[in-house]
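*Asks:* Give me coordinates for this.
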Amino acid sequence: MTVRRSAAALAASAVLCVAAGHAAVAAPSPTPAPAIPSGLYGTGDPTYDGVWRQSLALLAQDTVGVKPAAKAVDWLTGQQCDGGAFPSYRADTAKPCDVKLPLDSNATAAAVQALAALGGQDAAVKKSVGWLKSVQNADGGWSYNPGGASDANSTSIVIGALAAAGEKPDGVKSKGGKTPYDALLTFAQPCGGKNGGAFVYQPKQPGIVADSTSAAVLGAHGMGFVATIGAKDAKGTVCEKSTAVEGAAHNGAAYLSTALAKTGHLNTAPMPGSEDPTEKPDFGNTADAVVALGAQGLGDQAKKPLAWLEQNSAAWAKGAGPAAYAQLIFAAHATGTDPKSFGGTDLVAGLNATGPAPEKAAAAENSEKKDSDSDSGIGVWWIIGVFFIASVGVGFLISGRRKNQQR
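*Replies:* Just a heads-up that it's a prediction; the model follows:
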């Protein structure tokens, strides 16, 4: 997940750098960040991840039995373009999508997973699935934006969307007859060497493996963000030669297990141009890896990174916002962990607080208010009753109590 959003962040930083260079000459007025719609989760600029974080937030709420606010769902469906695709974000939904607006396979696939889980959005889901099929590459995979080379992350998340919509991913074939699983196998690395068993983002980008491997393991199982706990993998963590997608999934999970064994977490490389060259703990990719290990049936190998997340991720989630809370909830779900008591943190409450109050929460608040009002009325009559009984006499009061005890 992190790589998908990092690509957009890098693009944004490049634009900002160019703007800064021109500012030295022309000093243009800075473009204000878009206002945050009331139905959107998170408070950060949604330009590059609005649909993404909304989709993950709604899906995570559904996973833990929380009914999202209607306006939050409406915000997401309102982002869909007429052709079925979702952009990363569009501010003006009153008019059709601009032809120059980049359409995002990741945002579209994430929205499909969320809307399919919530139910009642069949028409929107069908349109999005149709669009995804229309932009499938000849190798069977998908790129971040249509027209680019397939990558492991985009292909995997689309597989999850197809499965969520009731499609059989292995039956969705390109014009060349290739399936999404055929594409996944092109990213799988042979055993041995630094990245043995991993899935690379793209063959020409062999250095990006942690995020793409976690995504591809889930994709190989036909799963989306919400993964069920897999049957115990009897092969353990040994990488074995395989040309089947099932074997590639095992090898990918084995790679993640080895990468996590020492510290219990994955690291992120420093951003290009950063003054700090040291690697930092990568909370998002670690959470994704836990989900992948749980799905593969390597629950024992998921315990150490899960414990690390429970001990260290609270501040990260609070700062990063709804998508981060969602990733942790998915990790808890894939390991049978209580998301409301995640190392002392209530992930569900944290997520709910980043957006409009969920329907059930609002209903509970109204119910509590009614109960409070009712209790207040009962309290008044109770006081009146006590005074009445007292006026009759202490003996009668004691007698009444004894009768109550005999019932």
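*Asks:* In what element of secondary structure is the spatially closest residue to residue 235 that is not a sequence neighbour found?
*Replies:* Spatial nearest neighbour of residue 235, chain neighbours left out: residue 250 (5.7 Å); criterion: C-beta to C-beta, 6 or more residues apart in numbering. All C-beta atoms are positioned from the backbone trio N, CA, C, and that covers glycine. Using DSSP states H and E, residue 250 falls within helix 245-261.
*Asks:* Over to residue 108?
*Replies:* helix 105-118.
*Asks:* Now that helix: average pLDDT?
*Replies:* The pLDDT scores in helix 105-118 average 98.
*Asks:* tell me which residues in it are buried?
*Replies:* Within helix 105-118, the residues scored as buried using 16 or more other C-beta atoms under 10 Å are 105-118.
*Asks:* Output that helix in PDB with nothing but the alpha carbons.
*Replies:* Coordinates of each C-alpha in helix 105-118 appear next as PDB, following Å, rounded to 0.1, in the frame of the first residue of the first chain:
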ATOM      1  CA  SER A 105      -6.700   1.700 -11.000                       C
ATOM      2  CA  ASN A 106      -5.700   1.500  -7.400                       C
ATOM      3  CA  ALA A 107      -8.400   4.000  -6.200                       C
ATOM      4  CA  THR A 108     -11.000   2.200  -8.400                       C
ATOM      5  CA  ALA A 109     -10.100  -1.200  -7.100                       C
ATOM      6  CA  ALA A 110     -10.100   0.000  -3.500                       C
ATOM      7  CA  ALA A 111     -13.500   1.600  -4.000                       C
ATOM      8  CA  VAL A 112     -14.900  -1.600  -5.400                       C
ATOM      9  CA  GLN A 113     -13.800  -3.600  -2.400                       C
ATOM     10  CA  ALA A 114     -15.400  -1.100   0.000                       C
ATOM     11  CA  LEU A 115     -18.600  -0.600  -1.900                       C
ATOM     12  CA  ALA A 116     -19.000  -4.400  -2.600                       C
ATOM     13  CA  ALA A 117     -18.600  -5.100   1.200                       C
ATOM     14  CA  LEU A 118     -21.100  -2.400   2.200                       C
END
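*Asks:* wait, doesn't residue 281 sit right on residue 264?
*Replies:* No. Counting by C-beta atoms under 8 Å, residue 281 does not reach residue 264; the two are 9.4 Å apart.
*Asks:* which residues touch stretch 129-137?
*Replies:* 83-85, 103, 105, 108-109, 112, 142-143, 146, 149-150, 158, 161-162, 165, 167, 172, 174, 180, 183 (C-beta atoms under 8 Å, 6 or more residues apart in numbering).
*Asks:* try 6 Å
*Replies:* 83, 84, 85, 146, 150, 158, 165, 174 (C-beta atoms under 6 Å, 6 or more residues apart in numbering).
*Asks:* mean confidence for it?
*Replies:* 98.
*Asks:* quick one: buried residues of it?
*Replies:* Buried residues in stretch 129-137, counted by 16+ other C-beta under 10 Å: 129, 131, 132, 133, 135, 136, 137.
*Asks:* Which helix or strand contains the first one?
*Replies:* When elements are assigned from DSSP H and E, residue 129 belongs to helix 122-134.
*Asks:* tell me the angle that helix makes with helix 105-118.
*Replies:* 150 degrees (axes from the mean of the first three to the mean of the last three C-alpha atoms, to 10 degrees).
*Asks:* circling back: roughly how far is the helix or strand following the helix holding residue 250 from the heart of the chain?
*Replies:* Per DSSP H and E, the first helix or strand lying C-terminal to helix 245-261 is strand 266-268. Relative to the centre of its chain, strand 266-268 is centred 19 Å away, using C-alpha atoms, centre = their mean, to the nearest Å.
*Asks:* can you map out the strands along the chain?
*Replies:* Ranges of strands in the chain, per DSSP state E, are 266-268, 280-282.
*Asks:* which one of the ones you listed lies closest to residue 290?
*Replies:* strand 266-268 (10.2 Å; C-beta to C-beta).
*Asks:* Which neighbouring elements make contact with the helix holding residue 108?
*Replies:* helix 50-63, helix 122-134, helix 152-164 (3 or more C-beta pairs under 6 Å, 6 or more residues apart in numbering; DSSP states H and E).
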